[in-house]
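Visitor: After the sequence you'll find the predicted model.
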Amino acid sequence: MELYKELSEPDIARRIISGEKSLFEIIVRRYNPYLYKVGRSYKFDHEDTQDLMQDTFIDAYRNLDKFEGRSAFKTWIIRIMLNNCYRKRQKLNLKNKSIEDTTENSPVMSKSEDNDNGTEKIVQTRELAQIIEEALTRIPEDYRMVFSLREINGLNVAETASLLNISEANVKVRLNRSKAMLREQVEKSYSANELYSFNAIYCDAMTKRVMDIINKL
């Protein structure tokens, strides 16, 4: 894959559509970190985020012929991830509502809460990163998602506005407010682009998961 690292996404997409499906591995490796950060910013735990990443990569593969290059590939695939996160959130909300309707006085612990003292603490390798991630979960989602897309995933104002269906002015306002909310934890102690890092040890496993499915399609 080293030979193809300089290829642009439109070039890769055209070659995959022409039959070189093995090149999709480049897409998976390039965008693993970005999709992971989106899922975690949506407050999904590590396992659910990886499932969403897999679904997103498969959706992207199936729809490569619909990528027209009018926006950056990064924006296009993150939009797919955001849509998958939204749908999963809606399903979870419906499921939780159903449980609440049928079970009185029974507190329901979400999967992410159940894993807080287990897998999540193993996945995150730096104590400070855990502190910042927890702080991010405490700010309103509208601000958290803008912070994630702009500061963690590196999208510009226009791309962020397009993905979230808000004005560019709103992006700037929400970003400033989110930074204010996180100032003590983030600006004094930690680099934003390191948050929700997708550990390298997971990259090969995710790539294999996705390519195993694609090779059967």
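Guide: Thanks, I have the structure now.
Visitor: Local confidence estimate at the residue nearest to the spatial centre of the chain?
Guide: The residue lying closest to the centre of the chain (CA atoms, centre = their mean) is V38, at 2.3 Å. V38 carries a pLDDT value of 93.
Visitor: so it sits right up against L82, yeah?
Guide: Yes: assessed by CB atoms under 8 Å, V38 is found in contact with L82 at 6.4 Å. Just so you know, the C-beta spots here come from the backbone N, C-alpha and C atoms, and that holds for glycine as well.
Visitor: Identify the contacts common to these two.
Guide: Among the neighbours of V38, none is also in contact with L82 (CB atoms under 8 Å, 6 or more residues apart in numbering).
Visitor: how about A13, what does it touch?
Guide: Counting by CB under 8 Å, 6+ apart, A13 has contacts L64, F67, F73.
Visitor: domain ranges for the chain?
Guide: For the chain, the structural domains run 7-122+199-217, 126-196, going by automatic domain parsing.
Visitor: so where's the longest helix in this structure?
Guide: Secondary structure of the chain per DSSP state H: the longest helix is helix 73-102.
Visitor: Which positions within that one qualify as buried?
Guide: Buried residues in helix 73-102, defined by neighbour count with 16 or more other CB atoms under 10 Å: 73-82, 84-85, 88.
Visitor: do the same with stretch 159-166
Guide: For stretch 159-166, by 16+ other CB under 10 Å, it's E159, T160, A161, S162, L163, L164, I166.
Visitor: Extract the C-alpha set from stretch 84-96 and format it as PDB.
Guide: The C-alpha trace of stretch 84-96 is given here as PDB (Å, rounded to 0.1, in the frame of the first residue of the first chain):
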ATOM      1  CA  ASN A  84     -25.100   6.400  11.100                       C
ATOM      2  CA  CYS A  85     -24.500   7.800  14.600                       C
ATOM      3  CA  TYR A  86     -27.800   9.700  14.400                       C
ATOM      4  CA  ARG A  87     -29.800   6.600  13.300                       C
ATOM      5  CA  LYS A  88     -28.200   4.500  16.100                       C
ATOM      6  CA  ARG A  89     -29.000   7.200  18.700                       C
ATOM      7  CA  GLN A  90     -32.600   7.200  17.500                       C
ATOM      8  CA  LYS A  91     -32.800   3.400  17.800                       C
ATOM      9  CA  LEU A  92     -31.300   3.500  21.300                       C
ATOM     10  CA  ASN A  93     -33.700   6.300  22.400                       C
ATOM     11  CA  LEU A  94     -36.700   4.200  21.200                       C
ATOM     12  CA  LYS A  95     -35.300   1.100  22.900                       C
ATOM     13  CA  ASN A  96     -34.800   3.000  26.200                       C
END
